[in-house]
Structure formats: structure tokens, C-alpha cells
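Participant: The sequence and its predicted three-dimensional model are supplied below.
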Amino acid sequence: MNKKKLHVKMKLFLDNKKVSVRTLSKETNIHRNWLQDFINNKAKVIPIEHLEILCSYLDCDSSDIFEMINDLEQVA
């Protein structure tokens, strides 16, 4: 079985939207440290409420934020 891993690709998305983590945190009331961990694929828990807030604020879908990759695949 080919094991898949959830990868957060939000850094590139934020860069394209020209939104800083600081602004995102301030506008969404999501703690900046959690956002940093999330963007760097280090968040252990991802509250559904946070995803709803982020997708609403950024006018996007979850597929704009996440992708499934092979567990052994390296992401640039």
C-alpha cells in the first residue's frame, strides 16, 4: 500500500494572495504561533473551525490549502 500524507501548501497560497501571517492572524483571530506551525506542516491538530475561518477569509477551498502526497515524497 502506498501511504499518503496530508501536506499543507498554504505558504505558496498566501504568497500568491499577498497576505502575511501577521495580517491573517489579526483578521481571523487565529493565534499566530498556530498559523506558523500549520503553514510549516508542524500543527498536530487542525480545528475544523480554523479551516472554515481560513477558507472564508481567503475565499478558497480546502484543496487550495491541502494536498495529499506520497509519504516518501519530498516537497520543495
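Facilitator: All right, it came through fine.
Participant: Quick one: the helices in the chain, in order.
Facilitator: Secondary structure of the chain (DSSP state H): helices at 10-17, 21-28, 32-39, 48-58, 62-65.
Participant: Quick check: which of those is buried the most?
Facilitator: Most buried of the helices of the chain, by mean neighbour count (mean count of other C-beta atoms under 10 Å): helix 32-39, with a mean of 16. (Each C-beta comes from the backbone N, C-alpha and C, glycine too.)
Participant: Identify the residues contacting that one?
Facilitator: Val8, Met10, Lys11, Leu14, Val21, Arg22, Leu24, Ser25, Ala43, Ile46, His50 (C-beta atoms under 8 Å, 6 or more residues apart in numbering).
Participant: from memory the fourth one sits against Leu24, does it?
Facilitator: What it means is Leu14. Yes - here Leu14 reaches Leu24: they are 6.9 Å apart, a contact under C-beta atoms under 8 Å.
Participant: Output the below-cut-off pLDDT ranges for the chain.
Facilitator: Counting by pLDDT under 70, the chain shows low-confidence ranges at 1, 73-76.
Participant: Show me the one of the helices of the chain that comes nearest Leu72.
Facilitator: Leu72 lies closest to helix 10-17 among these, at 21.3 Å (C-beta to C-beta).
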